[in-house]
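S.K.: Any chance you could fold what I've pasted below:
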Amino acid sequence: MPAWLVCSMALALLLSAAAWGAERALQRRGHARNRTRWLWLAAIAASVIAPLAWLPGVLAAMPAEQAQLKLGWFMLSSGMLLLLLLRSAWLLSHQRRWQKASLLGAPVFLSGGIGPCVAGLLRPRIVMPVWLSLIPPRQQALLLAHAQCRLAARDPLLLAVAYALIILMPWNLPLWWQLHRLRFAIEVDCDARMLARGHAPRDYTFVLRRHGQYYSGLTGASPIVLGDPLALRRRRRIMARFTREQAANLL
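M.R.: Prediction:
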């Protein structure tokens with residue numbers, strides 16, 4: 001089984017390199033009709049499903065003294081699943097205090113400390129913080145448009161699928177890097193949607209920089225930006241290369 005573990009991580013590394021190269025190529029072309037998020041989700045799925053196809057034979061031939069590996073794997077997967085369930089339960093407990101409201105004609109939920117984000121898996125909804133009323137209407141409109149882009153792209157469902165796959169192999173470290181790249185790709189694709197809608201890059205990046213620290217980071221919720229200033233700078237450089245037509249072609 002140790003050899004199978006090493007081969008699984010090696011495969012994930014190779015798929016990570018392939019997805020990273022393809023992502024860079026698509027971003028340089030600018031006119032390709034692709035969503036880079038699917039590259040990373042496919043890499044995660046292949047990194048998990050392909051090794052699992054060989055697992056029954058590996059387990060059948062595994063010596064008895066290696067049984068601790070199976071126990072450790074089970075404990076890691078169970079612990080991650082329990083953590084996600086607890087965070088989801090915490091989110092459900094807060095939903096009871098959310099208030100239905102209308103923001104610029106769109107239905108939203110107001111929260112005391114969560115958002116801006118799209119929360120929920122089966123019935124995703126736009127969640128906005130109560131402090132939203134204190135910022136200018138133009139910034140409110142940009143935050144709302146950003147959340148609507150996430151809702152249309154079904155980002156919570158995409159992240160849930162990725163987490164469900166990683167639960168099967170939480171010890172596979174390259175999978176976590178793939179998840180990081182998937183989250184970044186989701187952000188870049190959302191940026192392209194915003195530019196394709198005609199929003200000014202300067203106004204949009206200002207809102208990202210000013211209000212991006214208020215993401216929730218919850219399971220099933222998509223933050224407005226990653227908690228990484230360097231990631232935001234990379235996104236701004238990518239957006240600087242897009243015209244409105246090129247951004248629309250990415251979708």
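
S.K.: Just say helix, strand or coil for residue 123.
M.R.: coil (DSSP: H, G, I helix; E, B strand; the rest coil).

S.K.: The spatially closest residue to residue 36 that is not a sequence neighbour: which element?
M.R.: The shortest distance from residue 36 to any non-neighbouring residue, by Cβ to Cβ, 6 or more residues apart in numbering, is to residue 185 (4.2 Å). Any C-beta I mention is one placed from the backbone N, CA and C, and that applies to glycine too. Per DSSP states H and E: residue 185 is located in helix 173-196.

S.K.: my read: the residue nearest to residue 36 touches residue 43, true?
M.R.: No: applying Cβ atoms under 8 Å as the test, residue 185 and residue 43 come out as separate, 10.5 Å apart.

S.K.: Looking at these two, which has the bigger crowd around it?
M.R.: residue 43 (27 against 22; other Cβ atoms under 10 Å).

S.K.: quick one: the more buried one and residue 23, what's the gap?
M.R.: Distance, residue 43 to residue 23, using Cβ to Cβ, to the nearest Å: 10 Å.

S.K.: who's in contact with the residue nearest to residue 36?
M.R.: 23, 35-37, 39-40 (Cβ atoms under 8 Å, 6 or more residues apart in numbering).

S.K.: again, 6 Å this time
M.R.: 36-37, 40 (Cβ atoms under 6 Å, 6 or more residues apart in numbering).

S.K.: Go through those and name the one nearest residue 63.
M.R.: Comparing the contacts of residue 185 against residue 63 with Cβ to Cβ places residue 40 closest, at 35.9 Å.

S.K.: any idea how far residue 139 lies from residue 209?
M.R.: Separation of residue 139 from residue 209 (Cβ to Cβ) stands at 11 Å.

S.K.: Give me the phi and psi angles of residue 169.
M.R.: With angles defined as degrees, to the nearest 10, residue 169 sits at phi -140, psi 60.

S.K.: right, and it touches residue 48 too?
M.R.: Yes: using Cβ atoms under 6 Å, residue 169 and residue 48 qualify as a contacting pair, with a distance of 5.5 Å.

S.K.: SS state for residue 107?
M.R.: strand.

S.K.: show me where the stretch 1-150 of the chain has helices.
M.R.: 2-29, 36-60, 67-95, 137-153 (DSSP state H, counting those that start in this stretch).

S.K.: winner for burial among those helices?
M.R.: helix 137-153 (a mean of 19; mean count of other Cβ atoms under 10 Å).

S.K.: Can you spell out which helices and strands pack onto it?
M.R.: strand 117-119, helix 201-211 (3 or more Cβ pairs under 6 Å, 6 or more residues apart in numbering; DSSP states H and E).

S.K.: Tell me what angle that helix forms with helix 36-60.
M.R.: Relative orientation of helix 137-153 and helix 36-60, computed by axes from the mean of the first three to the mean of the last three Cα atoms, to 10 degrees: 40 degrees.

S.K.: and helix 137-153, what's its mean pLDDT?
M.R.: Helix 137-153 carries an average pLDDT of 89.
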